[in-house]
Every structure is written in C-alpha cells, then in structure tokens.
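Student: have a look at this prediction, sequence included:
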Amino acid sequence: MDDETLKVFAYVNISSYRVRSVKALKGEVKTPTNIARDADIKLNHISKVLRQLKECGAAVYLNEGAKRGRMYRLTSIGEEIADYLDNTGH
C-alpha cells in the first residue's frame, strides 16, 4: 500500500462500521439499504458511515444527483483496503 492508501486504511480501520461497510461493498454496487443489511448496521447509521467513506476516498456514489436510491461502490483505494482486510482476517 502506498502512503495515501495507508492513511485511508487507518481511518477505515478505527471504526467497525466503516470496516463492515467496506467489506459489504467489496466488488459490488449497492444501495445504502443493502449495505446496512449486509454489514449488519442499523439503517439510521449507514448514511453517516457512507459519507465518511466518500469523504476519505474509499467509496463513491454513482448517481450524484439522486436524493433517493443512491448507488455506492468502492474506489480503487477502497477495493485495495477491502482486499487487505480479507487477507488479514479482519
């Protein structure tokens, strides 16, 4: 991992919600409802978690103008972090 990816990893890794959300998004495009279900996070918490992942560069939403039904996916940095988490047993 390069330095920028390590910084993002450190930020993601200090929150179990962010870790679970990254794992839930690995290799997929999902709505917040699906991410919350797959990551076992209450729906009222997922918006904040997804905003944090977007701000740190680990995730993006694909339909920027949409207020409802946003679709999220990991960035290349997010995918690298998800792979690392899987390989280290997090």
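Tutor: Received the coordinates, thanks.
Student: which of the residues in stretch 46-60 are classified as buried?
Tutor: 46, 49-50, 52-53, 56-59 (16 or more other CB atoms under 10 Å). To be clear about C-beta, it is placed using only N, CA and C from the backbone, and glycine gets the same treatment.
Student: again, but for stretch 61-81
Tutor: By neighbour count on 16+ other CB under 10 Å, the buried set for stretch 61-81 is 61, 70, 72-75, 77-81.
Student: neighbouring contacts of it?
Tutor: 1, 4-5, 8-9, 12, 22, 25-32, 35, 50, 53-54, 57-60, 82 (CB atoms under 8 Å, 6 or more residues apart in numbering).
Student: please apply the same query to stretch 82-90.
Tutor: 1, 9, 13, 19, 22-23, 25-27, 74.
Student: neighbour-wise, which one of the residues you listed leads?
Tutor: When the contacts of stretch 82-90 are compared by neighbour count (other CB atoms under 10 Å), Val22 ends up highest, at 29 neighbours.
Student: quick check: it is in a helix.
Tutor: Yes. Val22: assigned to a helix according to DSSP: H, G, I helix; E, B strand; the rest coil.
Student: what sits against it?
Tutor: Here Val22 is in contact with 12, 53, 58-59, 74, 78, 81-82, 85 (criterion: CB under 8 Å, 6+ apart).
Student: next one: the helix or strand harbouring Asn87 to chain centre, how far?
Tutor: Assessed by DSSP states H and E, Asn87 sits inside helix 76-88. Computed by CA atoms, centre = their mean, to the nearest Å, the chain-centroid distance of helix 76-88 equals 10 Å.
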